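A.B. asks: Here's my sequence, what's the structure:
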Amino acid sequence: MYDLEKIIGERLRKIRRGKGLSLQDVADRVETTPQTIQRLETDNMTLTIKWVERICPALGIEPATLFSNGQTNVAASLSLIADKLAEIEIDICEQRTALRRLAQQTKADGENERT
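C.D. replies: Below you'll find the predicted structure:
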């Protein structure tokens, strides 16, 4: 068995640090003390749903992030990247087509000027 509160507290700390936020930064955003945030992160205070609802917006995350193993987020990120790459590829193809048309038009205009 595993201690869910401890795991979630560790995830909170990891996310906070990953975003470059101090205990004070998060405490200010949720209107509490840095000590309270630290106790929540270290499983020295019960992390209730109410706390999750307050802290997650302060960290800019969805509550589900705390309960996932991170793989869902990675998959979603990879899917977004693939979509963006597809858009870029479409843009490049459209630009290539436009340049070919311009080259053809320029060539035709040059031939018309000679005659």
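A.B. asks: Low-confidence bits of the protein, can you list those?
C.D. replies: 1-2, 69-81, 114-115 (pLDDT under 70).
A.B. asks: Please, where are all the helices along it?
C.D. replies: Applying DSSP state H to the chain gives helices spanning 4-18, 23-30, 34-41, 49-59, 64-67, 71-114.
A.B. asks: Out of those, which one sits most buried?
C.D. replies: Mean neighbour count (mean count of other C-beta atoms under 10 Å) peaks for helix 34-41 among the helices of the chain, with a mean of 18. Placement of C-beta: from N, CA and C, glycine included.
A.B. asks: Need the contact partners of it.
C.D. replies: Contacts with helix 34-41, where a contact means C-beta atoms under 8 Å, 6 or more residues apart in numbering, come from 9-10, 12-13, 16, 22-24, 26-27, 30, 44-45, 47, 51, 55.
A.B. asks: how about a cut-off of 6 Å?
C.D. replies: For helix 34-41, contacts defined as C-beta atoms under 6 Å, 6 or more residues apart in numbering pick out G9, L12, R13, L23, Q24, V26, A27, M45, L47.
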